[in-house]
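**Student:** Curious how this folds, go ahead:
(2 chains)
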Amino acid sequence: MKPLLEITDLDVRFATADGEVEAVKDACLVIDEGECLGVVGESGSGKSQLFLAAFGLIAANGKVTGSVKYRGEEILGAPPKRLNALRGGAVTMIFQDPLTSLTPHMRIGDQIIEALMLHRNVSRAEARQRAREMLDYVRIPESARRLRQYPHELSGGMRQRVMIAMATITGPDLIIADEPTTALDVTVQAQILEILRALKTDKRTAIAMISHDMGVIAGLADRVQVMRHGRIVECGGADDIFYAPKNDYTRALLAAIPKADEPPPPPTAVGAPLLSVDDLKVTFPVKSGLFGKPQMLRAVDGVSFTLHQGETLGVVGESGCGKSTLARAVLKLAAKTAGRVVWLGRDLDAVTHADLRALREDFQIVFQDPLASLDPRMPIGHSIAEPLKALQPGLSRESVREKVRAMMVRVGLDPLWINRYPHEFSGGQNQRVGLARAMIVGPKMLVCDEAVSALDVTIQAQIVELIQGLQAETGLSLIFISHDLSVVRRLSHRVMVLYLGRVVELAPAAMLYDDPRHPYTRALLSAVLSPDPRRERARKRELLTGDLPSPLDPKAQLTFLKSRLDTPDYRPKLEEVAPRHFVAEHD
Amino acid sequence: MIATGQTLKSSKGEIKGRSLWVDARHRLMRNRAAVASMIVLGLVAGLAILAPLLSPFAYDEVNYDIIACAPGWWPVQAACTAPGHIFGTDAVGRDLFERVLFGARVSLAVGLVATLVSLIIGVLYGAIAGYAGGRLDGLMMRIVDVLYSLPFIFFVIILMVMFDRNFILLFVAIGAVEWLTMARIVRGQTLSIKQKEFIEAARAAGVGPMGIILRHVIPNVVGPVMVYVTLTVPGVILTESFLSFLGLGIQEPLTSWGVLISDGADQMETAPWMLLFPALFMAVTLFCFNFIGDGLRDALDPKDR
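**Tutor:** Numbers count the residues shown, from 1 in each chain, chains lettered A, B, ... in the order given. I've put the predicted structure just below:
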């Protein structure tokens, strides 16, 4: 039997201002009918370029050589007409960002049937009918109404489902899914993967699953290829790759993934309380229409906790749950609406502007996007020195420089790089710069706002280790914010789960992971993927249906307490179900 | 992105980084049109500076014997020729070459000074308004709106009538209008930069508002601002020549390209060189500025990274 897609000796080169860059080298792969091939690699490994190049979709400065055969037919260098007939018909693609891959001014329905009418000979009415069926298939409720909506009216998960519907409606042989779940929350990711799995088994569609996440690949792929620096370093059956990896890089990649069953760090001797937050609320007015009365969006809706010296508090929740807003309000980078923040016995409301700036020496923050959080026009040495210059103006130039060098060494940067610029570094190195800048004034508390989320797994593991090392040395307290439960588990002594601006569960890490009480925590935990194909295939998930409700919806807070829906202003209370284990009321 | 370019070592062995400016300069230097424009512009400026040394005649030396005479090499038969004057002479027999170069002095000076004035006021005003936001921003930008809505020519005429015509007033009048656009551009850029994480990082690091504006906001708006500046200079030169054309600009015996073109246009049929040479100089200069602006925009475009 001929393979569905056969790529041999594919090379992709880009001519750039800095010379020629070889994105893909000697790539060979085969996809059979109805098979799922997982392609794993870190950012820049050429995994996306490989498939884009194969179907003639690369940028104008790219050059492709080699051979790409679709059902035995050579398609590399085929005329655009033939490629157009193939793309969107027999071979379709799903991209990472569902918002940018949908045309904003076209209704969902029109976009879905566009591909169908182009590739299959059907009438408009028939196409509409098929589109509705497809939306039902990808489990979009109220499909008839959705067809008339525009992309911006749908949530991210919903949009990605529309993309899947578009990619499947022509009945393709092969779907190329390029990081289809990377931009989505874990619970939504679980739903999308469920749909892709169904596609594979029901419709016998072959899937090329491109991802940086071994967990995503594990449950879906029959075979796996590992890519690094444009080369395929290992390929084989999913079980072989995951259980008996031969290549060193594959092994390193697997080892870097935080294990779901790894024990959390032992609880430290609890020091004195450092920070206590009491019923903190942050609301933003959201205007509707030109003269509409602004609605209040409750980003943080009554959060209380205390942080002790040397302790790590993990804050978990999906996008829009208010975890970043909470951090900014605690650090007084965003204005709060109500509540109290007490730092070492001092109410931060009573502190003057000048005192607050001096207090910043004690609490620092590391941001999610390492490149965006550094001034692109400043050498990194200046960025690192900035807090020092602002907070300890008495220091001499020489001693500032000495401190910066020492700090750079501590975070694993070569002090000779002091005059280099952020764009000359990788994401991991820039995050080290961010850490150095935060740590240079010797803070007592560090807030990490998704500090490792944008990094590749191997780098992520290094940064987590670095943070732990710094904590051990300095007795630092950490608020570690992440959507990734396994990373939080690795670092945190206590974990707080947020849902729409409120705490639904707060417990010591071991308790929370072993004995989750709240249905939302359980759904979150069950959505975590592990790089273990057998377990992933066998696993039954507790899926949440649908999307996160809008925080503007007054009833949203009672999603897990339906019995109180007749009093929509009611807020679930936290109850202590076991010592130090707090859970919000639920049905 | 990891550095791929050459790295230079300083005396301490520290690696010198490639700043975004260095990168942009490399890209600009690869743009042939922009480099050629810079050379031509440099020549024009050099000629303007050295003007008194380049000709035996003074710019205001009147000679009634050679009124509106063609240059010696003029290919068409003319009423009279003045062989020593390479651009010919004007309606009162002054050397046109000298006058074009002195016109260049005035036009370039007006262009640069007015732009500089608008740059300083506009950048500070815009950055403060944009960074402060809220009511202050609203108030500051409404003032800009009000000034914008004043009819420009009317405004200049009133100024001229009230204070008499003079050179400085011309700078003031043009600068007073040009900084408005600059302020708007800078404010817009500041608003988008304010959202960036590195501003929040600076706030978290304890840097005060003025420090953030001067150290983080302004260096990051300089790119678009520089592009706008190179496109403002020709705009100002045009405005000045327009005012001069209307008789509101420079006074005799001083001159500018606008005045020369205005005079030349009157005698277009009998003495075309009087229009041709100043117009040529001005067109080439404006052309160069526009090319440089285009080159800068390409060089500074962050999308290219």
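**Student:** Give me the distance between the closest residue in space to A:Ala329 that isn't next to it in sequence and chain B.
**Tutor:** Leaving aside its sequence neighbours, A:Ala329 sits nearest to A:Lys336 (Cβ to Cβ, 6 or more residues apart in numbering or on different chains; 4.4 Å). For the C-beta atoms, the positions are set from N, CA and C on the backbone; glycine is no exception. The gap separating A:Lys336 from chain B is 16 Å, by Cβ to the nearest Cβ, to the nearest Å.
**Student:** In three-state terms, label A:Lys336 for me.
**Tutor:** Put simply, A:Lys336 is coil when judged by DSSP: H, G, I helix; E, B strand; the rest coil.
**Student:** mind checking the backbone torsions on it?
**Tutor:** When read as degrees, to the nearest 10, the backbone of A:Lys336 gives phi -90, psi 160.
**Student:** I figured it hits A:Leu280, correct?
**Tutor:** Yes. With contact defined as Cβ atoms under 8 Å, A:Lys336 counts as touching A:Leu280 (5.8 Å).
**Student:** Common neighbours of the two, please.
**Tutor:** With contacts taken as Cβ atoms under 8 Å, 6 or more residues apart in numbering or on different chains, the residues that reach both A:Lys336 and A:Leu280 are A:300, A:329.
**Student:** how near is B:Thr232 to B:Met226?
**Tutor:** B:Thr232 is 10 Å from B:Met226, where distance means Cβ to Cβ, to the nearest Å.
**Student:** Which residue of those two possesses the greater neighbour count?
**Tutor:** B:Thr232 (26 against 18; other Cβ atoms under 10 Å in any protein chain shown).
**Student:** Got the phi and psi for that one?
**Tutor:** phi -80, psi -40.
**Student:** Excluding chain neighbours, what is closest to it?
**Tutor:** B:Thr232 sits nearest to B:Thr115 (Cβ to Cβ, 6+ apart), 4.9 Å away.
**Student:** so where does that neighbour fall, helix or strand?
**Tutor:** helix B:96-132 (DSSP states H and E).
**Student:** Now do the helix or strand just after that helix, average pLDDT.
**Tutor:** Downstream of helix B:96-132, the first helix or strand assigned by DSSP H and E is helix B:134-148. For helix B:134-148, mean pLDDT rounds to 91.
**Student:** which parts of the stretch 51-200 of chain B sit against chain A?
**Tutor:** Contact residues, the stretch 51-200 of chain B versus chain A (Cβ under 8 Å from any Cβ of the partner chain): B:196-198, B:200.
**Student:** In helices, which of these appear?
**Tutor:** B:197-198, B:200 (DSSP state H).
**Student:** what ranges of the chain fall below the confidence cut-off?
**Tutor:** You didn't pick a chain, so chain A it is. For chain A, the stretches with pLDDT under 70 are A:1, A:17-18, A:259-264, A:266-270, A:288-292, A:540-548, A:550-551, A:554.
**Student:** Switch to chain B, please.
**Tutor:** B:1-13, B:165, B:301-305.
**Student:** just the strands in it please.
**Tutor:** B:8-9, B:15-16, B:70-71, B:81-82 (DSSP state E).
**Student:** what do you get for the stretch 151-300 of chain A?
**Tutor:** A:174-178, A:206-211, A:223-228, A:231-237, A:273-286, A:295-308 (DSSP state E, counting those that start in this stretch).
**Student:** With respect to A:Ala385, which of those strands lies nearest?
**Tutor:** Nearest to A:Ala385 among the strands of the stretch 151-300 of chain A is strand A:273-286 (26.1 Å), distances taken as Cβ to Cβ.
**Student:** Contacts (any at all) between chain B and that closest one?
**Tutor:** No. Under the criterion of Cβ under 8 Å from any Cβ, chain B is not reached by strand A:273-286; the shortest gap measures 13.5 Å.
**Student:** helices or strands up against that strand?
**Tutor:** Here strand A:273-286 touches strand A:295-308, helix A:323-330, strand A:338-343, going by 3 or more Cβ pairs under 8 Å, 6 or more residues apart in numbering or on different chains; DSSP states H and E.
**Student:** how about 10 Å then?
**Tutor:** Contacts defined by 3 or more Cβ pairs under 10 Å, 6 or more residues apart in numbering or on different chains; DSSP states H and E place strand A:273-286 against strand A:295-308, helix A:323-330, strand A:338-343, strand A:477-482.
**Student:** Report the set of residues contacting both of B:Thr232 and B:Met226.
**Tutor:** B:119, B:293 (Cβ atoms under 10 Å, 6 or more residues apart in numbering or on different chains).
**Student:** just to revisit the earlier point, what about the residue nearest to A:Ala329, distance to A:Tyr499?
**Tutor:** For A:Lys336, the distance to A:Tyr499 - Cβ to Cβ - is 19 Å.
**Student:** Over to A:Leu333?
**Tutor:** 23 Å.
**Student:** Have a look at those two and say which one is more surrounded.
**Tutor:** A:Tyr499 (27 against 16).
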